[in-house]
Structure formats: structure tokens, C-alpha cells
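1. Give me a 3D structure for the following:
(chains A and B)
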Amino acid sequence: MSSTAASQDSNSEVLLAVRDLHAWYGESHVLHGVEFEVRAGEVVTLLGRNGAGKTTALKSIIGVVPHRSGSIRLQGEEMIGRSSRHIARSGVGYVPEERGIFASLSVEENLELPPIVKPGGLTRTQIFDLFPNLRSRLGSQGTKLSGGEQQMLAIGRILRTGARLLLLDEPTEGLAPVIVEQIGRMVEQLKRAGFTIVLVEQNFRFAKAFADRHYVMDQGRVVEMIQGSELESSMNKLHAYLSA
Amino acid sequence: MFEWLGISPYGLFGQLLIGLINGSFYALLSLGLAVIFGLLNIINFTHGAQYMMGAFAAWMLLNYLGVGYWWALLIAPVIVAVIGVIIERLLLARLYHLDHLYGLLLTFGVGLVITGLFRNYYGSAGLPYPTPAGLTGGTDLGFMYVPTYRVWVIGVSLLVCFGTWALIEKTKLGAYLRATTENPVLVGAFGINVPRLITLTYGFGVWLAALAGVLAAPMYSVNPNMGIDLMIVVFAVVVIGGMGSILGSIVTGFGLGVIEGLTKVFYPEASATVIFVVMAIVLLVRPAGLFGRGT
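-> So this is what the prediction gives:
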């Protein structure tokens, strides 16, 4: 399903190919053969209800789910047996759902924490251009920022590292509509700058404007692939998957 | 001016100085424990043995190789830290996925083995270590007598304690440590080598213990049991200060040394127990310790 549907833009290379991905938390089997792929420069979303396995899929890609099997290829290189450290060093930036801002670090220390993994990351000035709020808060304790500012910090700090594949887990969760709009504009800017983005979202309207494709997950599988252009016409189908 | 209290100034300031000296060791040792606990979540019960090994390493350097105090101060803690790193890589690293209790039991056992080995080869009598030339003698200030070596120990301890605090709170490496203490999984997912950070931290904590051991060698006799008695008090200091707090360890270490010293002046009978009384009170009022961050 995913392999045929993704071929419309076949002149850009497949950056990330996930095949038959299974994942477990202890005894519980959470992912049951997830398949999808992302081409360089695309924005792709994983949609689905709570507990569908979206977050676990992202965590499996960055390698923080201890027990996983199947295949995750990054530019052709197999990552399934690699540590999260190695995967990050291959150019993947991860923003967890809980944002992961460190309370014992200042905003500046949070921003500078992730090491440079590839050349070509954004400079501090470029990050402050994207997120002007951060510039004046550098000395504050990381967790003293508002929810929106914490989200911007969590995204800003991985733009510095030179990672070209960004994994964003529900960046709009719990944020005011104005902030959601600002993060939306930021994602569009990053797409124009050539970043590849996998976005986990419950709020598909947020990603409507810029997502190339949407993968719908249910019960640990990808059950549907919707082209960005077909989102409007697929609303009924989508509502059926997303509502209980 | 102290006569009306029935206390001579020599007695008061003398005990105050001893309090600061003991506090120097409490601070250095509880600081090492705090650094290790912060990142490894393990209470390092080998700490006392590692302190003793620092003193013995200095003694061996002098008696077997003719290496004096100043070089020993640099070399001995590094030797013991390397042994610590080997213990961490070979043994402790295998226990991180288990309950912390296993780490406690392991370090306790390793401490017993090391102490037993030294007792077997060197007996329990205690070996003398000379005060280094240049730090012998002292000064009579009129109201108290100040031995030079003790002032040196207090100075080095203060310097190392606040150096460690600055390293952790003010540097990039310290930011890695603090972040890893909070969320090691995410720090690893940024591409940082967390296992190496943990090994270095353990080595650093052991280095602090061994440094305290070298500083202690000229003051107390070098003997295999020297760590055991001291560590009972140091664990009380750690509980009072709040497990894992850096500044808490330093302030509580020096503070309790002074409280203990003053108790010797005003009510000598309680001097051996006062720290544990303070511990009981602190646990009742603030179970997380004076500088602890709750649970």
C-alpha cells in the first residue's frame, strides 16, 4: 500500500523506510508490522487515536524502545539493531511528546545540549529568527518557560545539530491556537529549508497546509495512506478512524 | 572573655578547628557520594574503602617507590580512580537495569573484600605517614594554636569542593551530567555517550574519596579500618544534606563538623551522637534532607 502510493514523487530518494516494524513494552506487543516511508524533503504525519502506536513508532525510529524488530532503513542503512546514540549521530533529531526540557539546565544550556552530529545545522541567530521568544529567555531555568516556549526550545535545540530528519511528537499538544499557528509556520519554513519531518499528530488540521502524506495508524498498524491533496475528500474516512 | 562560661579560648577554638577539619573530610566524601548517586542512583558503599585506598596508595608510593607527598597527592587519587573505573565497567555496569538495591549490595561487598585484603597484608595497627616538609609545625595566634597542615587540609577541601560545584553547575560537561541525571534516555537520543559519562562520573567520585584519603594520611595513621568509622558519619551527613545534592553535601559536611566540634566543648558526652540526633530531627521535619528536592 505505502510503496505504490509513495511513488508519485519518485525523483527524490527514500530517506526513511520502515518495514514490518514490531515493538514491545515488556510483555505487551504494541506495534504489529508498521510500514511507511518518507522521502527526502517531505513532511509526513502519523495520525491516529490515542494508543494507536504513533508515539511508539517514533520512539522505535530513534531507538529508545528497547525491544523492537523488523527494519528501519535510514538512507539505506539498517538502524534496527543500533543504539539511539548511533541513530542520532546518523542525523536524526527527536522531540519527545513531553518535550524533554531539562529543569536543572538554563534555556541556553538546553539549547546547547545536543551535540552537533552533521555540518549544516542552523546557527543561533537563525534559531532566534524562527523563535524570537527564546532570545530574551536564555538565562531562565528551562522549565520556567511557557508550554509554547518549551516546545520551541525543544525543536530549536535539534535544529542546531545538523540533523536533517526531524521526529516531532505532537508539537501542538496543549498549546494555545496562536502558538499552534506559529509552530505551523515554523514547520513550513523548515520544509522549505529542506528538512524532512515525521510529525505525530492528533490534530490533522494543523498539518493540512504542508503535509505531503498522512499515514493513519490503528492498533499498532498503518491502516491507511492519504495524500496531502486528498485530505479534504478523505475526511469521512479519516473521521471514522480517528473518532471512537 | 570566655572565662565566665568556664571554657578556655584554646579549648573552644581548638575544637572549632578540629570541627572544620572533620567537616573537610565529611564534605569531600559526601560530595563524592552525591555525585555518584546523582547519576548512577547507587549509594556507593565502597566509598570508605576507596578513601582508605587513597591513604594506602600514598603510603605505598612513599615506602616502595620513594615518591613523596606532593606527587602522591596528584598520583594516588588517579590510581584509585582508575581502579574505581575498572570496578564500574566490570561489575556495576551489569547492574544498572536491576533494582538499585543490587548496586548497594555489590558496592558494600566490594568494600568488605578490599578492606579485608588490606587488613590481611598490613594488619590493623596503623602505619605512620610523615607530615610533608613545609607543612609541619604551626602558629600560636594567642587565643589558639593552629597547625599548618590542618589549615592546608581545610583550604584544599574548600577549593576542591567549590571547584566540583562549579564544574557541575557552570560547565558544558556539568550540563551533560545534570541532564543525564534527569533523563538519561533522552540525552542518549541526542547522540551523547551516556555509558561513558557514567563511568567518568564514578571515577571522579572515587577520585574525591581517594584525595581525602591522601589528605588524611599525615594526620591519622594509615590503617585498613580508617574508612569504616568515618563513613558511618558521612552517610548521616548525606542523609541530612539530602541525597544527591552537591551544595547540600558541602554545606552540611562543614556545618556538621563544626557542630560536632562545638558539642565537644559544651557537652562532650554527646559529641559522638550529636550528628545522629541532628539526622533524626531532620528526617522528622524534612524527610528529603535539608537540600533535597523531595522524592
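2. quick one: what helix or strand has A:L111 in it?
-> Assessed by DSSP states H and E, A:L111 sits inside helix A:107-112.
3. Let's see that helix as PDB, backbone CA atoms only.
-> C-alpha atoms of helix A:107-112 as PDB (Å, rounded to 0.1, in the frame of the first residue of the first chain):
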ATOM      1  CA  VAL A 107      17.400  27.800  28.400                       C
ATOM      2  CA  GLU A 108      20.800  28.400  26.900                       C
ATOM      3  CA  GLU A 109      22.200  25.100  28.300                       C
ATOM      4  CA  ASN A 110      19.100  23.300  27.000                       C
ATOM      5  CA  LEU A 111      19.700  24.800  23.600                       C
ATOM      6  CA  GLU A 112      23.400  23.900  23.500                       C
END
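4. Looking at that helix now, give me its mean pLDDT.
-> The average pLDDT for helix A:107-112 rounds to 93.
5. in the helix or strand that that helix is followed by, what's buried?
-> Using DSSP H and E, the helix or strand that follows helix A:107-112 in sequence is helix A:124-130. By 16 or more other C-beta atoms under 10 Å in any protein chain shown, the buried positions in helix A:124-130 come out as A:127-128, A:130. Backbone N, C-alpha and C define where each C-beta goes, glycine included.
6. same deal with stretch A:134-142?
-> Quick answer for stretch A:134-142 (16+ other C-beta under 10 Å): A:134, A:137, A:141-142.
7. chain center to that stretch: distance?
-> Put simply, stretch A:134-142 sits 24 Å off its chain's centre (C-alpha atoms, centre = their mean, to the nearest Å).
8. ok, now stretch B:8-16?
-> Using C-alpha atoms, centre = their mean, the offset of stretch B:8-16 from its chain centre is 25 Å.
9. who's in contact with the residue of chain A positioned farthest from its centre?
-> The C-alpha centroid of chain A is most remote from A:G139, which lies 27.6 Å away (C-alpha atoms, centre = their mean). A:G139 makes contact with A:106-108 under the criterion C-beta atoms under 8 Å, 6 or more residues apart in numbering or on different chains.
10. Widest-spaced pair of the buried residues of stretch A:134-142?
-> A:L134 and A:Q141 (13.7 Å; C-beta to C-beta).
11. Mind listing the shared neighbours of the two?
-> Joint contacts of A:L134 and A:Q141 (C-beta under 8 Å, 6+ apart) are A:V107.
12. how about the residues of chain B near chain A?
-> Selection of chain B residues close to chain A by C-beta under 8 Å from any C-beta of the partner chain yields B:172, B:175-176, B:178-179, B:181-183, B:185-194.
13. go with 10 Å
-> B:38, B:97, B:168-172, B:174-183, B:185-196, B:293 (C-beta under 10 Å from any C-beta of the partner chain).
14. Which residue ranges of chain B form strands?
-> B:138-140, B:145-147 (DSSP state E).
15. Which pLDDT does the model give the most centrally placed residue in chain B?
-> When C-alpha atoms, centre = their mean is applied to chain B, the residue found nearest the centroid is B:L29 (1.1 Å). Model confidence at B:L29, given as pLDDT, is 94.
16. Might one say that it is in contact with B:G48?
-> Yes - if you go by C-beta atoms under 10 Å, B:L29 and B:G48 touch, sitting 8.0 Å apart.
17. if I look at the two, which residues touch both of them?
-> Taking C-beta atoms under 10 Å, 6 or more residues apart in numbering or on different chains as the contact rule, B:L29 and B:G48 both touch B:209, B:213, B:227, B:230-231, B:234-235.
18. Just the buried ones from these?
-> For the shared contacts of B:L29 and B:G48, buried by 16+ other C-beta under 10 Å: B:209, B:213, B:227, B:230-231, B:234-235.
19. any chance of those in JSON lines, plus pLDDT?
-> Putting the buried ones among the shared contacts of B:L29 and B:G48 into JSON lines (pLDDT from 0 to 100) gives the following:
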{"residue": "B:A209", "pLDDT": "96"}
{"residue": "B:G213", "pLDDT": "95"}
{"residue": "B:G227", "pLDDT": "90"}
{"residue": "B:L230", "pLDDT": "88"}
{"residue": "B:M231", "pLDDT": "89"}
{"residue": "B:V234", "pLDDT": "91"}
{"residue": "B:F235", "pLDDT": "89"}
